[in-house]
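Undergrad: structure for the following, please:
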Amino acid sequence: MRVALVQTSLHWENPIANRLTLESKILSCPKKFDLLILPEMFTSGFTMNPERVAETMDGESILWLKSLAKSKKTAITGSLVIEEEGNYYNRLVFVFPDGAIQYYNKRHLFTLAGEEEVYTKGEKKLVVEYKDWKICPLICYDLRFPVFARNIENYDLLVYVANWPKPRIQAWDALLKARAIENMCYVAAVNRIGSDANGMPYVGHSQVIDELGNEIVAPFEEDAIKVITLDKKKVTESRNKFNFLKDKDVFEIKRDT
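TA: Numbering: from 1, shown residues only. The predicted model follows:
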C-alpha cells in the first residue's frame, strides 16, 4: 500500500485557507498513493476555540474530503473539529475513495492545554479495513498511552495524526518507535510544522517506522508530501518468525463511569 504523509503549516482557525492550501499541494503531487494522511485539526490548528471552526459531518470540509478522495482515488484521514448534539469532538475521519466515512473521536484529551474542558472524549477504538489492511488511526496525545493502542485486533498499520510541539519532539520520536516495536506493525505518523497563534513552534518529524523499529521514512522537518510503499507481507513474516504478539496479555479497557 502506498501511503502519503502531508507535512505542512496550518492557517490558524481558517478552514477555507487550509483547504485551499492542502488541495493545491495534494493535486500538484505527481505520485500516486492509496492513503493520504493529514495532520490533527488540519482545518484550524490545535485550537481550544471550537465554536469558531466547528463543522458538521455534512459540512464543507467533509464534502471537500469526499470530493478529493474521489478525484485522487485514494483514502484520506486526518482530524478536524466536529460539533454533534451540542458537543465538540476532535474527530479523526477516514474517508474511503467511494465517499464512505468511518471516524474516531480522540480518546485522550490533552489536559495541559485544557482540551478536556471544551471537547468531549471518545470511547471507542477504531480499526479500519482497507485494501486488505487493518489500520488503527489515533490522535496526538493518544501516543502516550500504550494500553489503548495495544494490538489486540491484529492490525497492520498504526496511524498517528498530530500537532505535537517542538519542546517535546524527542518524546514523539521515541514513543512512535516504541509503539511500532511493541505492536509489531508499521507506524505512519504525520505532524504539522510552523507555529500557531499561541506562539507554539512545530517541527514536524513526520515519519514511518516498521514492525522492528527501523525508520522507513526518517523524521523530516520541511514542508513536503512524502510517499512510501508499505509491504504487508513483511509484517506477517516478522510476526510469524518472532511470535511476540502471541505472548501478549489479555485485558479489557473499561469505559469511564
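Undergrad: pull out the buried positions in stretch 120-138.
TA: Taking 16 or more other Cβ atoms under 10 Å as the basis for neighbour counts, the residues of stretch 120-138 that come out buried are 120, 122, 125-128, 130, 133-138. C-beta here means a position set from N, CA and C on the backbone, and glycine is covered the same way.
Undergrad: and which of those residues is nearest residue 230?
TA: If you rank the buried residues of stretch 120-138 by distance to residue 230 using Cβ to Cβ, residue 133 comes first, at 8.2 Å.
Undergrad: correct me, but that closest one touches residue 159?
TA: No. The criterion here is Cβ atoms under 8 Å, and residue 133 misses it with residue 159 at 10.8 Å.
Undergrad: ok so, going back, tell me the one of the buried residues of stretch 120-138 nearest residue 2?
TA: Distances from residue 2 to these, taken by Cβ to Cβ, are shortest for residue 133, at 11.5 Å.
Undergrad: what secondary structure does the residue minimising distance to the centre of the chain sit in?
TA: Nearest to the mean C-alpha position of the chain, by Cα atoms, centre = their mean, lies residue 161 at 2.7 Å. Using DSSP: H, G, I helix; E, B strand; the rest coil, the structure places residue 161 in strand.
Undergrad: in TSV, list the buried residues of stretch 120-138 along with pLDDT.
TA: Formatted as TSV, the entries for the buried residues of stretch 120-138 read as follows, by pLDDT from 0 to 100:
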residue	pLDDT
120	98
122	97
125	96
126	98
127	98
128	98
130	98
133	98
134	98
135	98
136	98
137	98
138	98
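Undergrad: just the residues you listed now: which is nearest residue 13?
TA: Checking the buried residues of stretch 120-138 against residue 13 by Cβ to Cβ gives residue 120 as the nearest, at 19.6 Å.
Undergrad: the chain: strands as residue ranges?
TA: 2-7, 35-37, 75-84, 87-95, 101-105, 128-130, 133-139, 157-162, 186-191, 193-195, 201-203, 206-209, 215-220, 224-229 (DSSP state E).
Undergrad: want to throw those into TSV with distance to residue 179?
TA: Rendered in TSV, the data for these read as follows (distance: least, Cβ to Cβ, whole Å):
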stretch	distance to residue 179
strand 2-7	16
strand 35-37	15
strand 75-84	17
strand 87-95	16
strand 101-105	16
strand 128-130	17
strand 133-139	9
strand 157-162	6
strand 186-191	6
strand 193-195	22
strand 201-203	20
strand 206-209	8
strand 215-220	14
strand 224-229	17
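Undergrad: tell me which of these sits most buried.
TA: Scoring those by mean neighbour count under mean count of other Cβ atoms under 10 Å gives strand 186-191 as the most buried, with a mean of 28.
Undergrad: contacts for that strand, please.
TA: In this structure, residues lying in contact with strand 186-191 by Cβ atoms under 8 Å, 6 or more residues apart in numbering are 3, 5-7, 37-39, 78, 156-164, 172, 176-177, 179-180, 202, 204-211, 216, 228, 230, 235.
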